[in-house]
Structures are given as C-alpha cells and as structure tokens.
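# From the sequence below, what's the structure:
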Amino acid sequence: MQVIRKYSSIIMVIVIFREIALPYYMGFFSDRTQVYLLSDLGQPRLAISHSFDVWEIIDGILFILAAQFIYEWGKKYSAKIGIFLTCLVIMYGIGDCIMTALFVYSGSAFSNWHSLIHSTGSVIGCGALYLANFIIIKLLYDEDMFKLAYTFLVTQVISIFVSIMLELPISVSALISGILQCVALDLMYIPMLILSIITLSKGFNYCADNKKGD
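Below is the predicted model:
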C-alpha cells in the first residue's frame, strides 16, 4: 500500500497518457479502420480488438491504483472528500475502461444487451469523472486558486459540449467523429493530469502554499 501511495501520482500520469495515446497506437484515424467511436475498436471483426481490450483492462486497473493519488490530494480538505473522489475515479476505471473491454459495443447502445451494458458503464464512468473534476474545481475556487479553477472549468465545459454534439443526429465522417471524441476525452482528463503533474513537481503542499487571487 505504501508503494502505491508513493507512486500513485506517477501512475495517474502514465494511465492518462496511455489513454491519450490509445487512438494513435490502435490506428483509430487510419482509412482501413473506419470506425466512428473508440468503443468500436473492440468489435471482433477488427484485428486489433484483442489488443484494444487488453489495453483498456490495463488502463482500468491503473486508474484504480491511481485513485490513491486523488485520495491523498482530497484528504487535505477532509477524509470524506478524499474517499468520495477516490470512489469516483475507481468508478471511471471500472465503467469506462474495464467494462468497455468486457462487453462488446455493436454500433448502438440498444443493439443488444452487451452494447447496453457497455454504454451504461461508459456513461456512469464518464459521469463519475466529470463529477470528480467539478468537485476539484469547487475546492480550488474556494482556495482562491482562480486561474487553475477557471482553466479546469473551461476544459470540462468544452468537453461536455463536444460529447453532447456527438450524440446529436448530425451526419459527420468517421474521421471528424473520432477527432471530436478524442478532444472530449482528452479535455476531460486535464484536471487529473495537471494535478498529478503538480504533485510530482511540487509535492502535495502545492495548493496550500500557493493560493493566488486575481
């Protein structure tokens, strides 16, 4: 447990960079793939489906391990906040990573039972991480760390807006759809990524020692 506690911020950085790198490593934007969503990479018809599933299971486990980082960060405010943030990150690791690998998505949430479970897990997981991010924004704002709070707020608002756009009945190419989904996901990760990098470079006392007002 001490090892995980010591290296949890590093694990968080690693898993987020793995998630950002996933579409490029899997050839998501290549002409031969031609899929609209990252979830489609797990379809059995694709040669990379097994690699995608293994990648997502590993990332899910890493998110669960990295949740220790957000507990250490959150407990400065209270143990309850730390525990709640930890649970939200774990929910993301299970819902949007592990369940993505275990239940195949068939192009629509209502295509079959495993697509429904896949989509439900993804919605719950992403919702949990968005909630964690907004709690972090509120805590930073209360600490008068306005610039960081506003930066995180902008990234989350754009991420949610782009995610909603993807659900609208608008006809777009696979490439545009893929780019939009990657933008939404990458922006969603920004708060956790920046906090973990700050922790690595300055230590857990960074936020308490560097309150700034505008």
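# quick one: the nearest residue to residue 124 once chain neighbours are set aside from residue 126, how far?
Residue nearest to residue 124 in three dimensions, not counting chain neighbours: residue 95, with 4.6 Å by Cβ to Cβ, 6 or more residues apart in numbering. The C-beta positions use only the backbone N, C-alpha and C, and glycine is treated the same way. For residue 95, the distance to residue 126 equals 8 Å [Cβ to Cβ, to the nearest Å].
# Nearest residue to the middle of this protein?
Centroid check for the chain by Cα atoms, centre = their mean gives residue 189 as the closest residue, at 4.9 Å.
# residue contacts, that one?
For residue 189, the contacting residues are 16, 19-20, by Cβ atoms under 8 Å, 6 or more residues apart in numbering.
# And the buried ones among those, selectable in PyMOL?
In PyMOL, this line selects whichever of these come out buried by 16 or more other Cβ atoms under 10 Å:
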select buried, resi 16+19
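# Just the ones of the contacts of residue 189 in strands?
Using DSSP state E, no member of the contacts of residue 189 sits in strands.
# Let's have the contacts of residue 189 in JSON lines, adding pLDDT and distance to residue 8.
Listed next are the contacts of residue 189 as JSON lines, based on pLDDT from 0 to 100; distance: Cβ to Cβ, whole Å:
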{"residue": "16", "pLDDT": "96", "distance to residue 8": "13"}
{"residue": "19", "pLDDT": "93", "distance to residue 8": "16"}
{"residue": "20", "pLDDT": "92", "distance to residue 8": "19"}
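# Kindly reformat the contacts of residue 189 as TSV and extend each row with distance to residue 135.
Rendered in TSV, the data for the contacts of residue 189 read as follows (distance: Cβ to Cβ, whole Å):
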residue	distance to residue 135
16	18
19	21
20	23
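# Inside helices: which ones of the contacts of residue 189?
16, 19-20 (DSSP state H).
# Now flag whichever of those is closest to residue 145.
Minimum distance to residue 145 across these is 20.7 Å, recorded for residue 16 (Cβ to Cβ).
# pretty sure residue 149 is touching residue 141, no?
Yes - counting by Cβ atoms under 8 Å, residue 149 touches residue 141, with 4.2 Å between them.
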